[in-house]
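1. all I have is the shape, not the residue letters:
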């Protein structure tokens, strides 16, 4: 797969520049997440653009998942997790519709590698997640 990361670690999306509007939105999200009120944490702040709010939170969520995945990679290897599954009844096969059109069976680490690479490619696509202000 083109763009696959063999190191099993992923580079977070570029950090949001301190002082930028996106940075302020991220700080707002972080502050409200600790409040214990999930409804308040996800609510669009007054006067903010919905798409920008969703983008900032999507990138932050991806970065958090990267960190979480980094802590468990040594416990789920090709040999210990030969199938991507959710228990004995559900097995996941990978297809991205572009590079791999027909779903393929793969190990859990390979599936995660494909998935995280695919998400990173989406986040890096300027038509989906523009990096320029406005």
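-> Cool, got the structure. Keep in mind it's a predicted model, so treat the numbers as computed, not measured.

2. quick check: phi and psi at the residue nearest to the spatial centre of the chain.
-> For the chain, residue 62 is the residue whose C-alpha lies nearest the centre (CA atoms, centre = their mean; 2.7 Å). Note on residue 62: backbone dihedrals following degrees, to the nearest 10 are phi -60, psi -40.

3. surely it touches residue 119?
-> Yes - here residue 62 reaches residue 119: they are 5.9 Å apart, a contact under CB atoms under 8 Å. Placement of C-beta: from N, CA and C, glycine included.

4. can you tell me the element residue 22 falls in?
-> Using DSSP states H and E, residue 22 falls within helix 21-33.

5. mind jotting down where the helices sit in the chain?
-> With DSSP state H as the definition, the chain shows helices at residue ranges 21-33, 38-42, 50-72, 108-124.

6. need the helix or strand of the chain with the lowest average pLDDT.
-> Ranked by mean pLDDT, DSSP states H and E, the weakest helix or strand in the chain is helix 21-33, scoring a mean of 71.

7. mind giving me the packing neighbours of it?
-> Applying 3 or more CB pairs under 8 Å, 6 or more residues apart in numbering; DSSP states H and E, we find helix 21-33 packed against helix 38-42, helix 50-72.

8. worst average pLDDT in those?
-> Ranked by mean pLDDT, these bottom out at helix 38-42, with a mean of 78.

9. roughly how far apart are the closest residue to residue 56 other than its chain neighbours and residue 92?
-> Nearest non-adjacent residue to residue 56, counting by CB to CB, 6 or more residues apart in numbering: residue 25, 4.6 Å away. Using CB to CB, to the nearest Å, residue 25 is found at 33 Å from residue 92.

10. ok, residue 127 next?
-> 28 Å.

11. the two: who's more crowded?
-> Using other CB atoms under 10 Å as the criterion, residue 127 and residue 92 rank with residue 92 on top: 14 against 5.

12. leaving out chain neighbours, which residue sits closest to that one?
-> Counting by CB to CB, 6+ apart, the residue nearest residue 92 is residue 84, at 4.2 Å.
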